[in-house]
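K.L.:
Fold the stuff below for me.
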Amino acid sequence: MMEIVALIMFVALFALILTGVQVAFALMAVATVGGLVVFGDSVFHQFVGKIEDVATNFILAAVPLFVFMGAMLERSGIAEDLFSAIRIWTRKLRGGVAVGTVLMAIVFAASTGVVGATESLIGLLAIPPMLQQGYKKSLISGTICAGGSLGTVIPPSIIIILLGPLADVSVGDLMAGMIIPGLLLGFFYLTYVLVASAMGGAGPRLEHDPADDMSLSEKLVLSAKALLPPLVLISAVLGSIVTGAASPTEAAGIGAACAVVLAALHGKLNLRMLWHSLVQTLSVTTMIMFIVLGGSLFTGVLLGTGALWNVQDAISAMDVPTWVLILTFLGIVFAAGFFLEWISILLIFVPIFMPFIKAAGVDPVWFSVLVLITVQTSYMTPPMAPAIFYLRGVAPKEITLKHMYAGVMPFVIIQFVLLGIVAVFPVTVLWLPSILLGF
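P.N.:
Residues are numbered from 1 along each chain as shown. Model prediction:
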């Protein structure tokens, strides 16, 4: 009987989401009805406990701080200076603007930790010069979507902050484990952009620019000034978490304080900017926390049905090979990415998958990184790619949905290549955490 209740809960959840109900409210509604069936009136006492758990979770307190840090950086002008400084060095390359866009995305992803927060900003900065220089619209679209989504796999990242407790693994180990795959992905993106540009994806190099008249020392000083703010944030946030000097929440607090100071030093800090950053932080954090709460309620009721343990016993009895189990789970995550947000995917599926993964003797940090890469891949994969919807908000009408679909596909293939490398060579994930553990 309880297995049927669990199945109906899943069907009802996806039906509500597909009909346009907000994910958080769909999770809560299904959890409430399912909880009444499973636990009766006592479900409300359990819900109060779940609400308290989410509200008092120390790690989740890092979420609004990271969001605030990203909002401050977006409005401080630091991104514009960074993009201009990078273009000084890349403008003479065929495809230099696209290369500069990916480089900026890597640095900003490692600075803000906010998933997808940089895509709109990068698009506003990079699309006009790329159109002016005759880039193919598909290459423009793919570069912006791929670069803007790097915040998923390059730490620090809000998605890692949420995944750590769900997978019952150290957030520091996850961040350390994502460094090498994240940098590999950035390198693959840069390689593809250069090759595609050389094959006609980009227009001719600019003949002359005022930056060409700058001396080497002037270029170095300008670049240092532009790179210093994000490097300070990367060192303060990521460095303190990975080395164990601070918890994720403490590091997020340090990053938020640094973002305010950097905005002030940049001459952009004022009450209006601070107010808009706080409003954006409140809006994004509320959305995230409602989904987290809904996922917690849904998972609690699902566990109460006992269906998961029966499934685990059935899988154990079938003696399924470990690699089949992993591929099945990653396939479910990838398919779910077509119609669910990344937060929902983690909250619904990770608590279900992790007991099987641990029982099979699979390293949970390595599997968690595979999940992160898969989530980002589905984030970019048509037809329901969230990365494309971010781009549509800032792209001119001449860049159509067809251009966007065509542009992201090479980057999706690159994502699968990285997924294969990490799957075959777990050392790419586990080496750095093991090194840091020795200190």
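K.L.:
Could you list the buried residues of stretch 330-346?
P.N.:
By 16 or more other CB atoms under 10 Å, the buried positions in stretch 330-346 come out as 330, 332-334, 336-337, 340-346. Every residue, glycine included, has its C-beta placed from N, CA and C.
K.L.:
Could you export those residues to CSV, including columns for secondary structure?
P.N.:
Listed next are the buried residues of stretch 330-346 as CSV, based on DSSP: H, G, I helix; E, B strand; the rest coil:
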residue, secondary structure
Leu330, helix
Ile332, helix
Val333, helix
Phe334, helix
Ala336, helix
Gly337, coil
Leu340, coil
Glu341, coil
Trp342, helix
Ile343, helix
Ser344, helix
Ile345, helix
Leu346, helix
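K.L.:
Okay, Ala61 and Gly306: tell me how far apart.
P.N.:
33 Å (CB to CB, to the nearest Å).
K.L.:
my bad, Phe349
P.N.:
Relative to Gly306, and taking CB to CB, Phe349 is found at 18 Å.
K.L.:
So between the two, which is more surrounded?
P.N.:
Phe349 (20 against 14; other CB atoms under 10 Å).
K.L.:
So the more buried one is in contact with Phe334, correct?
P.N.:
No. The pair Phe349 / Phe334 is not scored as a contact, 10.9 Å apart, by CB atoms under 8 Å.
K.L.:
what about the nearest residue to Ile8 once chain neighbours are set aside, how many neighbours?
P.N.:
Nearest residue to Ile8, sequence neighbours excluded (CB to CB, 6 or more residues apart in numbering): Gly34, at 7.6 Å. When counting by other CB under 10 Å, one arrives at 25 neighbours for Gly34.
K.L.:
Which residue is the nearest non-sequential neighbour of the residue nearest the centre of the chain?
P.N.:
For the chain, Thr152 is the residue whose C-alpha lies nearest the centre (CA atoms, centre = their mean; 2.1 Å). With sequence-adjacent residues excluded and distances taken as CB to CB, 6+ apart, Thr152 is closest to Gln376, at 4.0 Å.
K.L.:
dump the residue contacts of the one you found.
P.N.:
By CB atoms under 8 Å, 6 or more residues apart in numbering, the residues touching Gln376 are 149, 152-153, 415.
K.L.:
Which strand or helix spans it?
P.N.:
helix 364-380 (DSSP states H and E).
K.L.:
Show me how far the helix or strand following that helix is from its chain's centre.
P.N.:
For helix 364-380, the following helix or strand on the C-terminal side (DSSP H and E) is helix 386-392. Taking CA atoms, centre = their mean, to the nearest Å, one finds helix 386-392 lying 14 Å from the centre of the chain it belongs to.
K.L.:
Next, the buried residues of stretch 86-98.
P.N.:
86-88, 90-91, 93-98.
K.L.:
which ones are touching Ala176?
P.N.:
Ala176 makes contact with 155, 242, 432-433, 436, according to CB under 8 Å, 6+ apart.
K.L.:
Same check on Val292?
P.N.:
54, 60, 162, 343, 347.
K.L.:
For Ala224, state which of these is nearest.
P.N.:
Leu162 (34.6 Å; CB to CB).
K.L.:
So what's the residue count around that closest one?
P.N.:
Other residues near Leu162 come to 26 when the count uses other CB under 10 Å.
K.L.:
Nearest spatial neighbour of it, chain-adjacent residues omitted?
P.N.:
Spatial nearest neighbour of Leu162, chain neighbours left out: Leu346 (5.9 Å); criterion: CB to CB, 6+ apart.
K.L.:
Do I have it right that that neighbour meets Ile160?
P.N.:
No. Using CB under 8 Å, Leu346 makes no contact with Ile160, being 10.2 Å away.
K.L.:
Regarding the protein, what is its longest helix?
P.N.:
Secondary structure assigned by DSSP state H gives helix 271-305 as the longest helix of the chain.
K.L.:
for that helix, which positions count as buried?
P.N.:
Of the residues in helix 271-305, 274, 277, 280-281, 284-285, 287-305 count as buried by neighbour count, 16+ other CB under 10 Å.
K.L.:
Ok, stretch 345-360 next?
P.N.:
345-354, 356-357, 360.
K.L.:
Tell me how far Leu222 lies from Ala85.
P.N.:
Here the criterion is CB to CB. By it, Leu222 lies 6 Å from Ala85.
K.L.:
coming back round to it: quick one: which two of the contacts of Gln376 are the most distant?
P.N.:
Taking CB to CB, the two most distant members of the contacts of Gln376 are Thr152 and Gln415; they sit 10.2 Å apart.
K.L.:
List the contacts of Leu227.
P.N.:
Each residue near Leu227 by CB under 8 Å, 6+ apart is listed here: 82, 85, 107.
K.L.:
residues near Asn270, how many?
P.N.:
Counted with other CB under 10 Å, the neighbours of Asn270 add up to 11.
K.L.:
how much space is there between it and Met72?
P.N.:
From Asn270 across to Met72, the span is 12 Å (CB to CB).
K.L.:
hmm, back to that, going by neighbour count, list what's buried in the helix or strand hosting the residue nearest to Ile8.
P.N.:
Using DSSP H and E, Gly34 sits in helix 23-39. Buried residues in helix 23-39, counted by 16+ other CB under 10 Å: 23-24, 26-31, 33-35, 37-39.
K.L.:
For Thr322, state which of the residues you listed is nearest.
P.N.:
Leu27 (30.2 Å).
K.L.:
Past the helix or strand where Ala109 lies, which element shows up next along the chain?
P.N.:
If you go by DSSP H and E, Ala109 is part of helix 96-112. Using DSSP H and E, the helix or strand that follows helix 96-112 in sequence is helix 119-132.
K.L.:
Just want the angle from that next one to helix 96-112.
P.N.:
Between the axes of helix 119-132 and helix 96-112, defined by axes from the mean of the first three to the mean of the last three CA atoms, to 10 degrees, the angle is 170 degrees.
K.L.:
Touching helix 119-132 from outside, list them.
P.N.:
Contacts to helix 119-132, defined as CB under 8 Å, 6+ apart, come from residues 74, 79-80, 83, 87, 97-98, 100-101, 104-105, 108, 137, 139-140, 143-145, 147-149, 202, 387, 390-391, 393-396, 398-399.
K.L.:
Cool, thanks, talk later.
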